[in-house]
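Peer 1: Okay, here's the prediction I keep looking at, along with the sequence it came from:
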Amino acid sequence: MSTQTWHQHQLRVRYEETDQMGVVYHANYLTWFEIGRTELIRELGYPYRKIEEKGLLLPLVEADAKFKKPARYDDLVSIYTRISESSSIRIDFAYEIRKITEVHSTGVHEPEGELLVTGTTRHVWVNPSWKPVRIEKEAPDLWQLLTERR
């Protein structure tokens with residue numbers, strides 16, 4: 001059992017996110033992953049806007065998702081996100097999407113609810129010219145926050 005804290009963000013499935021079968025269309029989970037990592041970084045006090053103002057970008061270079069059960073219209077779900085690995089040039093996130101029955105508090109050590117989807121994404125730190133950069137040199141304050149969160 002990990003002692004690392006997951007960031008939790010809740011949402012209710014909207015009708016537009018479902019397909020003809022009445023389940024969440026698979027590509028929407030990547031959007032939910034983005035919401036999870038954006039909110040995790042915001043919680044650290046470093047919103048994406050601040051990252052971009054420093055001339056840093058964090059493009060996605062790899063994504064993986066495993067679908068266990070579908071989410072459906074009007075389900076209440078939690079997006080659990082944590083940093084799984086990081087180095088000075090890349091950062092990996094792990095995700096769990098879970099169906100919940102009530103609003104939960106944030107900052108849990110273990111995700112709660114019915115597991116629907118697991119996933120990972122890998123990102124690299126680049127400048128506006130898309131050249132890789134070392135985050136500990138470009139934004140040492142952000143580097144410290146991210147390494148403390150691991």
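Peer 2: It's in.
Peer 1: Residues touching the lowest-mean-pLDDT helix or strand in the chain, excluding its own?
Peer 2: The helix or strand of the chain with the lowest confidence, counting by mean pLDDT, DSSP states H and E, is helix 140-149 at a mean of 87. Residues from elsewhere that reach helix 140-149, judged by Cβ atoms under 8 Å, 6 or more residues apart in numbering: 5, 40, 44-46, 51, 54, 82-83, 86, 88, 91, 135-136. C-beta coordinates here come from the backbone N, C-alpha and C atoms, glycine included.
Peer 1: give me that answer again for 6 Å
Peer 2: The contact list for helix 140-149, computed with Cβ atoms under 6 Å, 6 or more residues apart in numbering, reads Leu44, Tyr46, Ile83, Ser86, Ile135, Glu136.
Peer 1: And that helix, what's buried?
Peer 2: Leu142, Trp143, Leu146, Arg149 (16 or more other Cβ atoms under 10 Å).
Peer 1: wait, which of those residues is closest to Lys66?
Peer 2: Each of those was scored against Lys66 by Cβ to Cβ, and Arg149 proved nearest at 23.7 Å.
Peer 1: Relative to Arg122, how far out is that closest one?
Peer 2: 17 Å (Cβ to Cβ, to the nearest Å).
Peer 1: And for Leu60, the neighbour number?
Peer 2: Neighbour count for Leu60, taken as other Cβ atoms under 10 Å: 14.
Peer 1: Next up, the contacts around it.
Peer 2: When contacts are counted by Cβ under 6 Å, 6+ apart, Leu60 touches Thr121, His123.
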